[in-house]
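Chemist: give the three-dimensional model of this entry:
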Amino acid sequence: MRSTNSPHNPGFTLLEVLAALVVLGTLMTGAMLAKSRYARQTALAERKLEAIRGADDLLQGWWGEHPDVPQAGHGTLAGGAMTWQTRTQAIDEYRKITRLDVFDSPRRSGDEPLVSVELLMAREPNVEKRS
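Modeler: The predicted structure is shown next:
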């Protein structure tokens, strides 16, 4: 788009400069949006890892020598930064599922848990010995 009438002025035209600025602006906007998404995704992944470590610590504490998992409990983790809750559903008289959910705190209605663990709890049926 250089003028052919002026061979002594090898610079860019105003139109070329504006087009370059538009392209540069578009690229910079895309890069900033990608960086923002990356930062959010990294922060969420770190929160999930923290929730997994907290759930693991809870389960290790409950699953000591004599397993004692709360049937319907709740509490806090990570200095109050997360909350946990358990709920139990019976499958039959010998088996039940206890689910542990860890949430961000403060918890809002409809929040998805950061991590969930389902435990199948079974007890042996009472079998009478026959002689």
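Chemist: just the helices from this protein, written as ranges.
Modeler: With helices called from DSSP state H, the chain shows them at 14-62.
Chemist: quick one: low-confidence ranges for it?
Modeler: Across the chain, the ranges flagged by pLDDT under 70 are 1-8, 65-66, 126-131.
Chemist: pretty sure F103 sits against T83.
Modeler: Yes - here F103 reaches T83: they are 5.1 Å apart, a contact under C-beta atoms under 8 Å. C-beta coordinates here come from the backbone N, C-alpha and C atoms, glycine included.
Chemist: what do the two both touch?
Modeler: Applying C-beta atoms under 8 Å, 6 or more residues apart in numbering, one finds that no residue jointly contacts F103 and T83.
Chemist: report the separation between P125 and V115.
Modeler: Computed as C-beta to C-beta, to the nearest Å, the P125 to V115 distance reads 33 Å.
Chemist: looking at those two now, which is surrounded by more residues?
Modeler: For P125 versus V115, neighbours defined as other C-beta atoms under 10 Å are more numerous around V115 (20 against 7).
Chemist: separation between the nearest residue in space to that one that is not next to it in sequence and T42?
Modeler: Closest residue to V115 apart from its sequence neighbours, by C-beta to C-beta, 6 or more residues apart in numbering: A51 at 4.4 Å. Note on A51: its distance to T42, by C-beta to C-beta, is 15 Å.
Chemist: of those two, who's got more company?
Modeler: Ranked by neighbour count (other C-beta under 10 Å), A51 and T42 place A51 first, with 23 against 10.
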